[in-house]
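In: okay, predicted coordinates and the sequence, questions at the end:
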Amino acid sequence: MSISLKSSEDIENMRIAGRLAAELLDYITPFVQPGITTGELDKLCHDYMVDVQHSIPAPLNYAPAGHAPYPRSICTSVNQQICHGVPGDKQLKNGDIVNIDVTVIKNGWHGDTSRMFYVGNVAPHARRLCEITYQAMWHGIRLVRAGALLGDIGHAIQKFAEAQGYSVVREFCGHGIGRNFHEEPQVLHYGRAGTGIKLESGMVFTIEPMINAGRRDIRQLSDGWTIVTKDRSLSAQWEHTVSVTDDGFEILTVSAGTPPPPAFVHGKPD
Ligand code: MF3
Ligand code: CO
Ligand code: CO
């Protein structure tokens, strides 16, 4: 297996899929309120994808080796849940933080993005975790350009997150994406500077750091999917799909509601 390079026509298709994924997060934002269940959020998103966007929810029935098919259309990871939270009867309550991770397929191409949402009034320590995780994602994205090394990206994310007193989840990573949901390369959110493959123009991958307030250790729930922190500390995650260009990067998962880059990013604008 090798890393596929996308043509400009492929990238144009991925812009469309990426925009739809981001617009799905825009759509669901006002519904993220105390009292709604994660299952209701899933149903709203599913129907929006299928009926409005005419896109396909990539997670539904997704079955990588060693996993039962994923039973829902989005992932909702609340508080100490790190990723792959399966929507269900759980009601969101005031003070929760929740990651909503969506992946749409449009014309055979994938767009994958996630954001953190605040449910009602959220405590400062939880807000800080979400903000730092957003900045950690951007500390990685800002280094993306042809010629950069993948290890430098993981290193930058890890160094920043750990300097803030947090830990980086190791078991899950960003990934190449295109006609497939998960392709090469694996994009680790930790690593050593000066190591890893050299990026080339036309590569497309996600950067999606999972940052824990406590220790990095994880546990899988008996549903076979939901990943939680072993020490039950809070966890946050943000995700963009990005393409590599000769002079930097392009964020493909962009919509009207996409938060702006942090002030430290001097990359070219979207
Ligand atoms: N969207 C997740 C990612 O960023 C993958 C979810 S796989 C699922 O890679 F099956 F849990 F949906
Ligand atoms: Co995702
Ligand atoms: Co992803």
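Out: Here it is on my side, so go on. Ligands and ions are numbered 1, 2, ... in the order given.

In: show the average pLDDT along the one helix or strand W138 maps to.
Out: Using DSSP states H and E, W138 sits in helix 124-141. Confidence for helix 124-141, expressed as mean pLDDT, is 98.

In: same question for stretch 38-48.
Out: Averaged across stretch 38-48, pLDDT comes to 99.

In: in it, what counts as buried?
Out: 38-39, 41-42, 44-46, 48 (16 or more other C-beta atoms under 10 Å). Heads up, the C-betas are built off the backbone N, CA and C, glycines and all.

In: ok, stretch 235-252 next?
Out: Neighbour-count burial for stretch 235-252 [16+ other C-beta under 10 Å]: 235-245, 248-252.

In: one more: stretch 13-28?
Out: Those would be 13-25, 27-28, for stretch 13-28 by 16+ other C-beta under 10 Å.

In: out of those, the closest to S55 would be?
Out: L20 (5.3 Å; C-beta to C-beta).

In: quick check: the closest one vs L41, distance?
Out: Using C-beta to C-beta, to the nearest Å, we find L20 at a distance of 17 Å from L41.

In: residues touching I132, list them.
Out: Under the criterion of C-beta atoms under 8 Å, 6 or more residues apart in numbering, the neighbours of I132 are 160-161, 164, 166, 211, 236.

In: mind putting those residues in TSV, distance to ligand 2 and secondary structure included?
Out: Shown next, in TSV, are the contacts of I132 (distance: C-beta to the ion, whole Å; DSSP: H, G, I helix; E, B strand; the rest coil):
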residue	distance to ligand 2	secondary structure
F160	21	helix
A161	19	helix
Q164	23	coil
Y166	20	coil
I211	15	strand
A236	14	strand
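
In: now for the residues you listed: which two are most distant?
Out: For those, and using C-beta to C-beta, no pair is farther apart than F160 and A236, which are 13.6 Å apart.

In: shaky segments in the stretch 101-250 of the chain?
Out: Regions of the stretch 101-250 of the chain meeting the criterion pLDDT under 70 are absent.

In: get me the contact residues on it for ligand 1.
Out: With C-beta under 6 Å from any ligand atom as the criterion, the stretch 101-250 of the chain meets ligand 1 at residues 101, 103, 112, 206, 208, 225, 239.

In: of these, which is the nearest to R170?
Out: R170 lies nearest to E208 out of those, by C-beta to C-beta, at 13.3 Å.

In: wait, that closest one touches E239, no?
Out: Yes. Between E208 and E239 there is a contact under C-beta atoms under 8 Å: 3.5 Å.

In: which residues do the two both contact?
Out: Shared contacts of E208 and E239 (C-beta under 8 Å, 6+ apart): 112, 114, 137, 174.

In: can you give me the strands for the stretch 151-270 of the chain?
Out: 167-168, 174-176, 183-187, 204-207, 210-212, 218-220, 227-229, 235-237, 240-245, 248-251 (DSSP state E, counting those that start in this stretch).
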